[in-house]
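Engineer: Pasting the sequence and the predicted model now:
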Amino acid sequence: FQCFYDTFGFKYTVELSTRPEDSMGSDEQWEQATEALEEALKACGLPYAINEGDGAFYGPKIDFHLEDAIGRTWQCGTIQLDFQMPERFDITYVGPDGEKHRPVMIHTVVFGSIERFIGILTEHCAGAFPTWVAPLQVKVLTITGRADARAQEVCDILKKAGLRAEADLRNEKIGFKIREAQMMRVPYMVVIGDKEIEQGVVAVRGRKKGDLGAMPLEDFMAMIQEEIASKARD
């Protein structure tokens with residue numbers, strides 16, 4: 001959980017939700033389960049708050065609340081102990097003592113529903129996803145129609161290397177294309193014109209860093225692939 005949320009840059013708080021009024025199971029089961037979750041939180045060194053009576057009807061749970069860029073919190077991850085389902089399905093296992101024992105079911109989810117998590121992530125990043133997450137990582141822009149063939153070649157090379165790229169070959173001014181790519185929150189723009197073709201380079205612009213200058217295509221690919229591999233955040 002910590003690794004996952006840290007990777008996306010989320011701050012989070014943790015709650016231990018205890019037995020609700022309407023619940024199943026004995027007092028002993030609930031006490032044992034709640035103590036087990038509390039010990040797990042302490043062992044991980046995670047600060048937590050007690051959320052009295054907000055557990056599931058079948059067992060206590062640990063809830064992870066993510067904080068987005070404007071301070072709102074969203075309950076996403078959860079770890080729940082369930083004594084009831086193994087009982088109802090009569091599930092057993094044979095222990096080292098050769099006897100049958102009743103297991104405890106653990107319900108675990110890191111981000112809740114994927115659609116909900118993507119929605120939270122989109123708002124958190126305001127659409128400016130880190131390069132490794134961005135649906136479109138590179139946009140290849142032409143200054144003149146004479147650069148169309150080279151731009152398409154560069155785009156194909158980037159795609160072959162596993163990058164999500166597309167070429168903008170429209171007959172529009174380069175300033176317009178750059179602004180449009182910026183509005184789309186594309187992490188990198190590669191600009192190609194007569195000068196770049198002649199020198200065998202590409203002109204690179206970053207979403208936040210701006211003009212990164214001209215460089216060989218291989219150098220740009222190495223740079224962005226390292227950024228993706230390290231899951232760097234903007």
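Structural biologist: Now that the structure is in, tell me what you want to look at.
Engineer: only C-alpha atoms for contact and neighbour calcs from this point on.
Structural biologist: OK.
Engineer: how does the protein divide into domains?
Structural biologist: With domains defined by automatic domain parsing, the chain comprises 2-125, 138-229.
Engineer: Identify whichever of the ones you listed lies nearest to Trp132.
Structural biologist: domain 138-229 (4.6 Å; C-alpha to C-alpha).
Engineer: what's the span of that closest one from first residue to last?
Structural biologist: End-to-end distance of domain 138-229 (C-alpha to C-alpha, to the nearest Å): 16 Å.
Engineer: follow-up on the earlier one: out of the domains of the chain, which is the most enclosed?
Structural biologist: Mean neighbour count (mean count of other C-alpha atoms under 10 Å) peaks for domain 138-229 among these, with a mean of 17.
Engineer: helix or strand right after the top helix by length along the chain?
Structural biologist: The longest helix of the chain (DSSP state H) is helix 27-44. Sequence-wise, the next helix or strand downstream of helix 27-44 (DSSP states H and E) is strand 49-51.
Engineer: Pairing partners for that next one, with directions?
Structural biologist: strand 11-17 (parallel) (DSSP bridges).
Engineer: In CSV, list the C-alpha atoms belonging to the strand it pairs with.
Structural biologist: Extracted in CSV, the C-alpha atoms of strand 11-17 (Å, rounded to 0.1, in the frame of the first residue of the first chain):
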residue,chain,number,x,y,z
LYS,A,11,-0.6,11.6,0.8
TYR,A,12,-2.8,9.3,2.8
THR,A,13,-4.3,8.7,6.3
VAL,A,14,-5.2,5.4,7.9
GLU,A,15,-8.3,4.4,9.9
LEU,A,16,-9.1,1.3,11.8
SER,A,17,-12.8,0.7,11.6
